[in-house]
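Trainee: build me a model from this:
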Amino acid sequence: MTNTRPYLEGPHCSQCHSKEGWCDKGLCVDCPAQNCDCPLECKNCGELDRTTCTCTCKDGWDSPDCSVPCANGHAYCGAIPGWTNTTYCAMDGFDAVNDYCREMCGHCEFATPGDPNACCDGQMCYNGGYLDETTCQCVCPAGFSGKDCIGDVEMTTSPAEMTTSPVEMPTRPVEMPTSFPTTMAYESDICYFGGEHVHLNQTDACVCPEGIGGRHCEIVSFPGGCYLFSSDAVSHPDAQRACSTMNGHLVDVKNEHQQNIIADGIAATTNATYWLGQKLQPLYTLTYSDGSTAPAPFQSTSQRPSPCDMCVFMDSSQSSSDYLTNTVSCMEYHNYVCESESKPCEPNDCQNGGNCTSCFGASICDCPDGFDGMFCEIYVDECDSNPCQHGGTCHDRINSYVCHCQSGYTGDSCETGV
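Mentor: Below is the predicted model:
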């Protein structure tokens, strides 16, 4: 960002949005239009071009100073609802997808054994760690340890380390909570978006996937906010009041991408019809939930003007792929979708460096690569599936693995004879 401080903690101008490191008095600036110098230091064997003040990163590393492992950075990458595929990487108005979904959008090159563009034979460091290029060992920040800065400094030897397993990465203990927030207790066993129903402490609850929260896993997080898919069928005025009571508003669908996300959410919950924020005023004037005029860019069935107020809902009966909008009397009963801004959790309930946001009273964790679960409490071991063929040895990496093949075989999974 020009004339602003870096948005991440670290050395001045090491994370400028322009990807360049030009700096003036601790601020990211354009150069040579302004007075500037280049204090940028490339981490993890990155090479600095002082002419452009940019780093060329080795395979596996990303960010302006090559300090971050290249990976997808949000639960919406490749997910439903979310940015389901690489089409969004090239769509106008979705520049943020390329920032959040580095791997999905093809911006990551991952190191392989013998890779000439790898740093320290592809050794990676996580949770803010970086490589000592002399020793090729990770320098871990406070609170983390181990070969890849994955382990907790307080952890004892894990079962994985005490076996002859070829997995070298120390794993954090799985710390499932012994109780859940009281807001999750409910009588029904319905859990949406792939949530798992459990019975804990004489209470039924849902354990939600990453990026999902709420007592029924009905709250979906996205950058800067979230949606709540209510299963209660009420009139449009009552739906407006319900969202307002929760410090939100009925969702206003303002583009086709947003309409697709809401449709995906409906398909993953009750598959019923849902109120939106728009209203069709007399003389066929479409307005948003705040009363402003809407240009109606979304897909809709045709409707004739009405002398009375009509309200807009998402019609799941059209087809499973269309989910067109329609207008009916505002006093009909339908489910509804609320929208709200998110805010940081206090305290942060997420483990292993997960980011916690609070929305509609639910805490939602956005987990770093390599961790999963409602609280990012599950370490994902990529070698569990034994991907290396023909006797190859598997070495776990965050969100990937590396196979060291037996003589006579090659390939990512030692699948090719030579």
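
Trainee: would you mind measuring from the nearest residue to residue 18 once chain neighbours are set aside to residue 87?
Mentor: Take residue 18 and drop its neighbours on the chain: the residue closest to it by C-beta to C-beta, 6 or more residues apart in numbering is residue 28, 6.9 Å away. For glycine as for every other residue, the C-beta is placed from the backbone atoms N, C-alpha and C. For residue 28, the distance to residue 87 (C-beta to C-beta, to the nearest Å) stands at 31 Å.

Trainee: more neighbours: which of the two?
Mentor: Taking other C-beta atoms under 10 Å, residue 28 and residue 87 do not tie; residue 28 has more neighbours (26 against 10).

Trainee: buried set for stretch 97-110?
Mentor: Applying a neighbour-count criterion of 16 or more other C-beta atoms under 10 Å, one finds 97, 100-105, 108-110 buried in stretch 97-110.

Trainee: kindly format the C-alpha coordinates of that stretch as PDB.
Mentor: This file holds the C-alpha atoms of stretch 97-110, laid out as PDB (Å, rounded to 0.1, in the frame of the first residue of the first chain):
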ATOM      1  CA  VAL A  97      -8.500 -14.200  -4.800                       C
ATOM      2  CA  ASN A  98      -4.900 -14.100  -6.200                       C
ATOM      3  CA  ASP A  99      -3.700 -12.800  -2.800                       C
ATOM      4  CA  TYR A 100      -5.600 -15.300  -0.700                       C
ATOM      5  CA  CYS A 101      -5.400 -18.400  -3.000                       C
ATOM      6  CA  ARG A 102      -1.700 -18.400  -4.100                       C
ATOM      7  CA  GLU A 103      -1.600 -22.200  -4.700                       C
ATOM      8  CA  MET A 104      -5.000 -22.400  -6.400                       C
ATOM      9  CA  CYS A 105      -4.200 -19.500  -8.800                       C
ATOM     10  CA  GLY A 106      -0.900 -21.100  -9.800                       C
ATOM     11  CA  HIS A 107       1.500 -18.800  -8.100                       C
ATOM     12  CA  CYS A 108       3.400 -21.500  -6.100                       C
ATOM     13  CA  GLU A 109       6.300 -23.600  -7.300                       C
ATOM     14  CA  PHE A 110       7.100 -26.400  -4.800                       C
END
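
Trainee: circling back: which of the buried residues of stretch 97-110 lies closest to residue 60?
Mentor: Among those, residue 110 lies closest to residue 60 (C-beta to C-beta), at 5.4 Å.

Trainee: I'd like to know how far that closest one sits from residue 148.
Mentor: 14 Å.

Trainee: go on, residue 139?
Mentor: Here the criterion is C-beta to C-beta. By it, residue 139 lies 12 Å from residue 148.

Trainee: the more surrounded of those two?
Mentor: Neighbours were counted for residue 139 and for residue 148 using other C-beta under 10 Å; residue 148 has more, 23 against 12.

Trainee: mind naming the longest strand for this protein?
Mentor: Once the chain is assigned using DSSP state E, the strand that runs over the most residues is strand 225-234.

Trainee: and that strand, how far from the chain's centre?
Mentor: 21 Å (C-alpha atoms, centre = their mean, to the nearest Å).

Trainee: buried set for it?
Mentor: Buried residues in strand 225-234, counted by 16+ other C-beta under 10 Å: 225-230, 233-234.

Trainee: closest to residue 309 out of these?
Mentor: Distance to residue 309, by C-beta to C-beta, is smallest for residue 234 among the buried residues of strand 225-234, at 16.3 Å.

Trainee: and residue 310, its phi and psi?
Mentor: Main-chain dihedrals, residue 310, degrees, to the nearest 10: phi -120, psi 150.

Trainee: actually, residue 245.
Mentor: Residue torsions, per degrees, to the nearest 10, at residue 245 are phi -60, psi -30.

Trainee: which of the buried residues of stretch 97-110 fall in helices?
Mentor: 97, 100 (DSSP state H).

Trainee: gap between residue 135 and residue 233?
Mentor: For residue 135, the distance to residue 233 - C-beta to C-beta - is 63 Å.

Trainee: so where do the helices sit in the stretch 101-250 of the chain?
Mentor: Assigned by DSSP state H, counting those that start in this stretch, the helices in the stretch 101-250 of the chain fall at 236-245.

Trainee: give me the low-pLDDT residue ranges for it?
Mentor: Residue ranges of the stretch 101-250 of the chain with pLDDT under 70: 152-189, 199-203.

Trainee: so what pLDDT did the residue nearest to residue 18 get?
Mentor: The score at residue 28 is 82. That number is its pLDDT.

Trainee: what pairs with residue 226 across the strands?
Mentor: In this entry, residue 226 is beta-bridged to residue 221, residue 340, by DSSP bridges.

Trainee: does it touch residue 358 like I think?
Mentor: No: contact criterion C-beta atoms under 8 Å: residue 226 and residue 358 do not qualify, at 9.3 Å.

Trainee: mutual contacts of those two, please.
Mentor: 342, 364 (C-beta atoms under 8 Å, 6 or more residues apart in numbering).

Trainee: and the residue nearest the centre of the chain, how far is that from residue 114?
Mentor: A centroid search over the chain (C-alpha atoms, centre = their mean) returns residue 74, at 1.7 Å, as the residue closest to the centre. Distance, residue 74 to residue 114, by C-beta to C-beta: 32 Å.

Trainee: likewise residue 369?
Mentor: The gap separating residue 369 from residue 114 is 24 Å, by C-beta to C-beta.

Trainee: could you chop this structure up by domain?
Mentor: 182-216+342-378, 225-341, 381-418 (automatic domain parsing).

Trainee: any chance you could list what contacts stretch 382-401?
Mentor: Outside of stretch 382-401, the residues within contact range by C-beta under 8 Å, 6+ apart are 69, 71, 103, 110, 122, 124, 126, 148, 150, 165-169, 368-370, 380-381, 402-406, 408-409, 413-415, 417.

Trainee: what are the ranges of the helices in the stretch 251-400 of the chain?
Mentor: For the stretch 251-400 of the chain, the helices defined by DSSP H, counting those that start in this stretch cover 256-268.

Trainee: residue ranges in it under the pLDDT threshold?
Mentor: Along the stretch 251-400 of the chain, the model assigns pLDDT under 70 to residues 281-286, 291, 294-308, 317-322.

Trainee: in it, which spans are strands?
Mentor: Secondary structure of the stretch 251-400 of the chain by DSSP state E, counting those that start in this stretch: the strands cover 274-281, 285-287, 310-314, 325-329, 334-341, 343-344, 355-359, 362-366, 371-372, 378-379, 393-397, 400-404.

Trainee: good, wrapping up.
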